[in-house]
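Visitor: here is my input; please provide its structure:
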Amino acid sequence: MKKTIQIPLGSQHISLLEPIRFKFECENEKIIGVDADVGFVHRGVELACTRSFEFKQVGYVVARVCGLCAITHSLSYTLAVEKLLGYEANDRIKYLRMLMVELDRIHSHMLCLAHTAENAGFEALFMQIMGDRELIMDVQEAISGNRVQFDYISIGGVNRDLTPELVALIHKNLGVLTSKIDTLIGLFDNNWSLSLKYKGVGVLSLEDAYTYNALGPLARAAGLVTDVRAETSDFPYEDIGYKMILEATGDIHARNFVRLREIVNSIEMCQNIVNNLPVGEIQEKAKGKPNGEAVVRVEAPRGELFYLVRGSGQNMLDRVRIKTPTFSAIPAMMEVFKGAEYADAPAILASFDPCMSCTAK
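Guide: Numbers count the residues shown, from 1 in each chain. The predicted structure follows:
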């Protein structure tokens, strides 16, 4: 019987941005078994939404679940409540909401790619990508008035409209970013140390993606056709140039390129939104109090974000349940580690783009 050793990765580790703990069983340098623990930062957000805040306030509370996809959390909750109120937003509101969600996707993917570069030893490229990411952060701050917790979406609409000056800023910054992303694609496609050496590393097969219910870029990099934007009708994504981005190899390199190509597509969609913004009010009255149960799915940067909201006609809700994409992806993550070299574990983990703030809310 061969001797194995137990090696922990986390909950604090130089390659980890947030507290998650993996326990690897290794045979020499090869990982043969994996255990995971994600419960380090529980904050009781779901309970607070039913005990401490009225339903009109909860959209701003759930935005605090995550700083990277705050707009997606507030949107998911708001859509659920609007369903219970029997309200559907006009096209202008839908377009403005889609604009902020896609801007969110761009800056989140750029953060992941920056940390991928850092794990590969490219500290200067990490700082360059983070600097380029400011182009999107500046646009989101100009639109919403806030830099991280945007508080932009409200029940019945959005809190700010686009002005001609904002439209000009969006076009300017997205134009500059497009050329920078083209350069970044060239780096990831041609540099051995940055990305090419990770071909065949951290592979999630299409069969395993199905088996372990993978989602988001992790699934699409394996060729699994799944994206909430293509599966629901809450937003008219087909009208603004949405494309499902797929790769086939399911490795780190493929996950990098899914995110790079999704950034390009999101930039195109944002430009189409601004150029074809429908006429209408940005805030409408959604009357009543939530009564019944509603389920909403929205494609967050990491995959499907699931919200269940239940009310009984009162100001306080009965239940708010949040299932985040990182939580759903943990079984697939554990499978990818098996058979990999321990030295590749930090790079594999970075390619997952895990968000523990969302997961252990």
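Visitor: so which elements touch the helix ranked longest in the chain?
Guide: Across the chain, the helix with the greatest residue count (assigned by DSSP state H) is helix 91-119. Applying 3 or more Cβ pairs under 8 Å, 6 or more residues apart in numbering; DSSP states H and E, one finds that helix 91-119 makes contact with helix 70-84, helix 123-144, strand 157-158, helix 164-190, helix 252-275, helix 345-352. No exception for glycine: its C-beta is placed from N, CA and C like everyone else's.
Visitor: how about the first one: buried residues?
Guide: Taking 16 or more other Cβ atoms under 10 Å as the basis for neighbour counts, the residues of helix 70-84 that come out buried are 70-84.
Visitor: got it, and the fourth one?
Guide: Along helix 164-190, these residues count as buried under the neighbour rule (16+ other Cβ under 10 Å): 169-170, 173-174, 177, 180-181, 184-185, 187-188.
Visitor: can you give me the offset of it from its chain's centre?
Guide: Here helix 164-190 is found 20 Å from its chain centre; the criterion is Cα atoms, centre = their mean, to the nearest Å.
Visitor: same deal with the second one?
Guide: The chain centroid and the centroid of helix 123-144 are separated by 16 Å under Cα atoms, centre = their mean.
Visitor: could you do stretch 53-65 as well?
Guide: With Cα atoms, centre = their mean, you get 19 Å for stretch 53-65.
Visitor: go on, stretch 149-156?
Guide: With Cα atoms, centre = their mean, you get 18 Å for stretch 149-156.
Visitor: ok, the buried residues of helix 70-84 vs Ser144, which is closest?
Guide: Of all these, Ser144 sits closest to Ile71, with 8.2 Å by Cβ to Cβ.
Visitor: how about that closest one, what does it touch?
Guide: Residues near Ile71 by Cβ atoms under 8 Å, 6 or more residues apart in numbering: 63, 100-101, 103-104, 150, 152-153.
Visitor: export those residues to CSV and tack on pLDDT and neighbour count?
Guide: Shown next, in CSV, are the contacts of Ile71 (pLDDT from 0 to 100; neighbours: other Cβ atoms under 10 Å):
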residue, pLDDT, neighbour count
Ala63, 91, 24
Met100, 96, 24
Val101, 96, 24
Leu103, 96, 26
Asp104, 94, 23
Phe150, 86, 23
Tyr152, 94, 23
Ile153, 95, 29
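Visitor: in these, find the pair that's most separated.
Guide: Across those (Cβ to Cβ), the longest gap, 14.8 Å, separates Ala63 and Leu103.
Visitor: and Tyr307, what are its phi and psi?
Guide: phi -120, psi 130 (degrees, to the nearest 10).
Visitor: so what's it up against?
Guide: By Cβ under 8 Å, 6+ apart, the contact list for Tyr307 reads 76-77, 79-80, 295-298, 320-322.
Visitor: same check, this time on Asn146
Guide: Tyr152 are the contacts of Asn146 under Cβ under 8 Å, 6+ apart.
Visitor: sec struct for it, please.
Guide: coil (DSSP: H, G, I helix; E, B strand; the rest coil).
Visitor: can you check Gly292 too?
Guide: Per three-state DSSP, Gly292 ends up strand.
Visitor: Ser233 and Tyr242, how far apart?
Guide: 13 Å (Cβ to Cβ, to the nearest Å).
Visitor: between these two, who's got more neighbours?
Guide: Using other Cβ atoms under 10 Å, the more surrounded residue of Ser233 and Tyr242 is Tyr242, with 21 against 7.
Visitor: grab the nearest non-local neighbour of the more buried one.
Guide: Nearest non-adjacent residue to Tyr242, counting by Cβ to Cβ, 6 or more residues apart in numbering: Arg229, 5.7 Å away.
Visitor: and the gap between that neighbour and Leu125?
Guide: 29 Å.
Visitor: residues of the helix or strand containing Met334 that come out buried?
Guide: Following DSSP states H and E, one finds Met334 within helix 325-337. Of all the residues in helix 325-337, those buried under the rule 16+ other Cβ under 10 Å are 325-330, 332-333, 335-337.
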